[in-house]
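Undergrad: this one's sequence-less:
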C-alpha cells in the first residue's frame, strides 16, 4: 500500500525524506541523503574536477566562474533527489509530496522534478529545516 504523503526536507547538502499517513501524522524517516560536494569550497571542487568536458558549448565552463562548480554540485544533487522521487512514482509509493528547502535550492529542485512528480507536489516551503530535529518537523511543516 502506498504511503499517502512524502515530505522532503533539507538543503543543497543534506536532505531527509519522510513518509506520513494521509492526515500528515506518524512521520517515518525513509531515507537520508548527503551531498558533501555542495558544502566544499570552490577551490577544493576545482582540484577534484575529473570531467574536463563539463560546462556549456557557449562560453567558459560554469566551474571556472565564481561559485560555478558549487552550483553544478547543487544541480547534481537536485537531479539525484528527483530520480529518487521518480522511483517513488514508478513504484506507487506516494500520492502527495511536500518539499521544504531554502529558496535557491528549492528552485533548482523544482526545475529538476519530472512532470509526474510535480503533479503530486501539493506544497513547497521556502525554509531550511535541515537542522531541525525530526520530532519537531511535524509542528513546522504544515500538512494540507
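TA: Alright, I've got the coordinates. Note that this is a predicted model, so its numbers are computed, not measured.
Undergrad: who does the residue found closest to residue 141 once you drop the neighbours it is linked to in the chain bridge with?
TA: Of all residues not flanking residue 141 in the chain, residue 100 sits nearest, at 5.6 Å (CB to CB, 6 or more residues apart in numbering). C-betas here are computed from N, CA, C, even on glycine. Taking DSSP bridges as the rule, residue 100 bridges to residue 9, residue 125.
Undergrad: Quick check: longest helix in this structure by residues?
TA: Longest helix of the chain, by residue count under DSSP state H: helix 68-90.
Undergrad: Give the buried residues for that helix.
TA: For helix 68-90, burial by neighbour count (16 or more other CB atoms under 10 Å) applies to 68-75, 77-78, 81-82, 84-85, 88-89.
Undergrad: swap in stretch 91-100?
TA: 94, 96-100.
Undergrad: Ok, stretch 129-137 next?
TA: Neighbour-count burial for stretch 129-137 [16+ other CB under 10 Å]: 129-130, 132, 137.
Undergrad: okay, who's weakest in the residues you listed by pLDDT?
TA: Across the set of the buried residues of stretch 129-137, residue 130 stands lowest in pLDDT, at 88.
Undergrad: pretty sure that residue is in a helix, no?
TA: No - looking at residue 130 with DSSP: H, G, I helix; E, B strand; the rest coil, it is coil, so not inside a helix.
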